[in-house]
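Engineer: generate coordinates for the sequence data below:
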Amino acid sequence: MNTLMVLILALPLSVEVLGALFSVRDGWGDSASKASALEHLAAPLLCWGALWWLVGIDMWRAMVAALVAVLILHVVTHYAVRLLISRPRFQTHAIDTDSGDDPS
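Structural biologist: Numbers count the residues shown, from 1 in each chain. Just a heads-up that it's a prediction; the model follows:
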């Protein structure tokens, strides 16, 4: 039962930690956004550390499993969206209604 509770708590924390890490990676070249991204990383890491401290070292497998599950779902979602975008039948056709050239 404790493992299930740790997984339930670690899944959203994993999403936040990975999102903050991706934010740091995206903003690393810009010095103005680097500081903001690092500040956003502090809170999820603090919560992750607090959860680790509360549940103890015995539950590290459940916490790592949550992190790996979030990573796998992120990769699967990324490639699924790329596949959907590449298919023409899933795309809509844009009609420019602002132009003065009315063909009708």
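Engineer: give me the distance between the most centrally placed residue in the chain and I8.
Structural biologist: Central residue of the chain (C-alpha atoms, centre = their mean): G19, 4.2 Å from the mean position. G19 sits at a distance of 18 Å from I8 (criterion: C-beta to C-beta, to the nearest Å). Heads up, the C-betas are built off the backbone N, CA and C, glycines and all.
Engineer: next: L41.
Structural biologist: Using C-beta to C-beta, one gets 23 Å for the distance from L41 to I8.
Engineer: okay, these two: which has more neighbours?
Structural biologist: Remark: of L41 and I8, L41 carries more neighbours, 17 against 11, as counted by other C-beta atoms under 10 Å.
Engineer: what's the helix or strand where that one lies in contact with?
Structural biologist: When secondary structure is defined by DSSP states H and E, L41 falls within helix 31-55. In this structure, residues lying in contact with helix 31-55 by C-beta atoms under 8 Å, 6 or more residues apart in numbering are 2, 6, 9-10, 13, 16-17, 19-21, 23-24, 26-28, 60, 62-63.
Engineer: point out where the chain drops to low pLDDT.
Structural biologist: Within the chain, the stretches with pLDDT under 70 are 1, 99-104.
Engineer: ok, longest helix in it?
Structural biologist: Using DSSP state H to define each element, the chain has its longest helix at helix 60-86.
Engineer: show me the contacts for A20.
Structural biologist: Taking C-beta under 8 Å, 6+ apart as the criterion, A20 is in contact with A37, H40, L41, P44, L45.
Engineer: can you tell me the closest non-neighbouring residue to it?
Structural biologist: L41 (4.0 Å; C-beta to C-beta, 6 or more residues apart in numbering).
Engineer: could you check how far that neighbour is from E16?
Structural biologist: To E16, L41 is 9 Å away according to C-beta to C-beta.
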